[in-house]
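Asks: here's my sequence, what's the structure:
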Amino acid sequence: MTYPPNVRTAPVPAPTHAPAPSAPPPVPPPAPRGAWAEGRERLRAAATTEPGRLQIIGALLALLVVVFGAVTAFEVSDRYSSADDVVERSQPLSAVAAKIYGSLASADTAASSGFLAGAQEPATVQKVYRDDIRTASELLIDAATSTDSSSDSGRQIATINEQLPRYTGLIERARANNRQGLPLGGAYLRYANQLMTKEILPAAEKLYASETARLDRDHEDARVWPFLALAAGVVALGVLAWAQRRNYLRTNRVFNHGLLAATAAATVVLLWLAVGHTVARVELNNASADGQASLKVLNDARISSLKARASENLTLVARGAVLTEKKGDEPQKDQYEVDHQTHMKNLGDALAKAKKLADDDAGRLPVAKAREEATEWQKRHKSANDTDKAGEYDAAVEKVIAEKDSTGETFGLVDSELEKAITHEQAEFTDAAKSGRGALFGLAIGALALGLLGAVCAILGINRRLSEYR
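Replies: Okay, here's the model as predicted:
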């Protein structure tokens with residue numbers, strides 16, 4: 001269509017529309033809830049009802065009783081294992097180490113005694129020497145099989161095994177020269193004695209100290225109170241008592257057979273644990289106080305007597321060739337005589353301690369006889385020493401090595417009585433240690449079984465109450 005040019009046409013306004021409403025923002029999905037949160041929510045919901053509360057109480061009781069049994073089984077197993085080590089491993093090894101030392105010292109004493117007898121060494125003395133060396137070698141093998149080679153005990157065993165062939169070689173050279181009447185034999189004997197006293201016996205002494213320390217550690221581990229198990233038992237019994245009181249207040253029923261049975265099971269375990277461990281501690285203490293302490297002192301006494309005898313023999317072998325170090329204006333003395341007097345003093349001190357530690361006549365009588373013979377030994381030694389100083393060497397040797405009325409006779413009696421006392425104390429220690437171990441026997445398995453039984457009874461007792469709500 002066309003319009004005339006003088007007609008003005010008004011602009012047609014553009015149609016207006018209302019803006020479209022915007023879409024609401026998407027709602028994010030709820031964050032996933034963890035299992036712990038869901039568990040707490042369910043627990044909170046369950047706690048609002050009596051059946052739910054009973055279920056919670058039942059689960060708690062079962063858990064506490066099982067934990068009590070398990071903790072008791074774990075701690076008692078550890079104590080029983082330590083007590084078993086005392087009986088079967090550490091104490092026997094300590095005794096073996098003491099016998100190794102004693103056998104080596106006895107062999108050295110026999111070698112010097114045989115040398116004094118002259119070219120024709122008595123067959124009995126030779127037998128004692130050979131038996132002692134063989135015994136020491138066999139015991140070293142036994143100790144090595146039960147000891148880690150990298151441990152301190154293993155290193156001491158290696159040292160003894162390395163030096164012992166050198167020692168026996170020197171002894172054989174001393175004997176060979178002595179049979180030919182050569183004075184070089186005395187030098188070889190002194191070298192052998194120095195090797196024994198400076199290297200072999202110190203290694204044996206360290207071995208004994210190491211094994212005795214291990215015995216003490218096992219002994220202490222076996223005696224430690226099972227505090228965690230005792231605490232768990234008290235807590236379990238306390239919660240069981242609370243649950244039964246709660247049951248009584250809410251239902252006016254005195255007994256719940258299931259909870260009562262669970263309480264009885266927990267009580268049996270707690271009493272068994274307390275009484276059994278108390279008995280074990282008492283017996284292990286007896287083993288330590290009456291057995292191990294006496295054994296240590298008696299072994300020290302025997303070692304001192306062996307050292308004293310070897311020094312006594314070497315006093316005559318060396319004939320004053322080995323003197324003490326010069327100190328100022330003090331005159332030098334015969335080194336072996338000084339050593340003899342020192343060892344005899346140590347012997348007297350050890351015997352006095354052993355007499356105090358002995359707790360019965362079977363232990364006291366051998367020690368008393370050993371003290372009497374040690375006193376007689378000192379008298380005879382003085383007589384022999386005076387004879388030697390008077391220039392009567394052969395007579396002095398006779399007073400030292402003769403079968404009758406000699407220092408050798410008194411030494412043999414001292415050694416024999418000490419052996420009796422050691423055997424008695426060893427038996428007492430073993431009996432007491434076995435009694436201590438026996439007091440814990442079966443407790444670990446019994447505690448675990450009774451713990452499981454108590455948990456089942458607790459659940460049955462709670463279920464009995466739950467059935468009333470159905």
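Asks: you'd agree residue 272 is up against residue 444?
Replies: No. Residue 272 lies out of contact with residue 444 (Cβ atoms under 8 Å); the separation is 10.6 Å. C-beta coordinates here come from the backbone N, C-alpha and C atoms, glycine included.
Asks: break down the stretch 1-150 of the chain into its helices, ranges please.
Replies: Taking DSSP state H, counting those that start in this stretch as the criterion, the stretch 1-150 of the chain contains helices spanning 35-46, 50-85, 91-116, 123-145.
Asks: let me see the ranges of the helices in the stretch 351-470 of the chain.
Replies: Secondary structure of the stretch 351-470 of the chain (DSSP H, counting those that start in this stretch): helices at 361-389, 393-401, 407-439, 443-466.
Asks: which elements pack onto the first one?
Replies: In terms of contacts (3 or more Cβ pairs under 8 Å, 6 or more residues apart in numbering; DSSP states H and E), helix 361-389 is packed against helix 293-318, helix 335-357, helix 393-401, helix 407-439.
Asks: go with 6 Å
Replies: Contacts defined by 3 or more Cβ pairs under 6 Å, 6 or more residues apart in numbering; DSSP states H and E place helix 361-389 against helix 335-357, helix 393-401, helix 407-439.
Asks: which one of these lies nearest to residue 197?
Replies: helix 335-357 (8.8 Å; Cβ to Cβ).
Asks: list the buried residues of that closest one.
Replies: Neighbour counts using 16 or more other Cβ atoms under 10 Å place 335-341, 343-344, 346-348, 350-351, 353-355, 357 of helix 335-357 among the buried residues.
Asks: orientation of it relative to helix 91-116 in degrees?
Replies: Relative orientation of helix 335-357 and helix 91-116, computed by axes from the mean of the first three to the mean of the last three Cα atoms, to 10 degrees: 140 degrees.
Asks: thought residue 72 was touching residue 447?
Replies: Yes. Checked against Cβ atoms under 6 Å, the pair residue 72 and residue 447 is within contact range at 3.8 Å.
Asks: hey, what's in contact with both of those two?
Replies: Common neighbours of residue 72 and residue 447 (criterion: Cβ atoms under 6 Å, 6 or more residues apart in numbering): residue 269.
Asks: pick out whichever of these two has more residues nearby.
Replies: For residue 72 versus residue 447, neighbours defined as other Cβ atoms under 10 Å are more numerous around residue 447 (30 against 27).
Asks: was I right about that one contacting residue 67?
Replies: No. Residue 447 is beyond contact range of residue 67, at 11.3 Å (criterion: Cβ under 6 Å).
Asks: next structured bit after the helix or strand that contains residue 154?
Replies: According to DSSP states H and E, residue 154 maps onto helix 152-179. Going down the chain from helix 152-179, the next helix or strand is helix 184-195, by DSSP H and E.
Asks: buried residues in the helix holding residue 154?
Replies: For helix 152-179, the neighbour count (16+ other Cβ under 10 Å) marks 152-157, 159-160, 163-164, 167-168, 170-171, 173-175, 177-178 as buried.
Asks: stretch 287-295 too?
Replies: 287, 288, 290, 291, 292, 293, 294, 295.
Asks: and of those residues, the nearest to residue 107?
Replies: The closest of the buried residues of stretch 287-295, once distances to residue 107 are taken by Cβ to Cβ, is residue 295, at 21.6 Å.
Asks: residues in contact with the closest residue in space to the closest one that isn't next to it in sequence?
Replies: Leaving aside its chain neighbours, residue 295 sits nearest to residue 425 (5.0 Å; criterion: Cβ to Cβ, 6 or more residues apart in numbering). Counting by Cβ under 6 Å, 6+ apart, residue 425 touches 291, 294, 295.
Asks: try it again at 10 Å.
Replies: By Cβ atoms under 10 Å, 6 or more residues apart in numbering, residue 425 lies in contact with 290-299, 354, 357-359, 362-363, 366-367.
Asks: and if you look at residue 358?
Replies: 290, 294, 297-298, 364-368, 421, 424-425, 428.
Asks: buried only: go through those for me.
Replies: Listed as buried from the contacts of residue 358 are 290, 294, 297, 298, 364, 366, 367, 368, 421, 424, 425, 428; burial here means 16+ other Cβ under 10 Å.
Asks: skipping adjacent residues, who's closest to the last one in space?
Replies: Spatially, and ignoring its direct neighbours in sequence, residue 428 is nearest to residue 291 (4.8 Å; Cβ to Cβ, 6+ apart).
Asks: my guess is the one you found meets residue 435, correct?
Replies: No. Contact between residue 291 and residue 435 fails when scored by Cβ atoms under 10 Å: they sit 11.4 Å apart.
Asks: residue 244 and residue 255 touch, don't they?
Replies: Yes. If you go by Cβ under 10 Å, residue 244 and residue 255 touch, sitting 8.1 Å apart.
Asks: right, I'll call it a day here.
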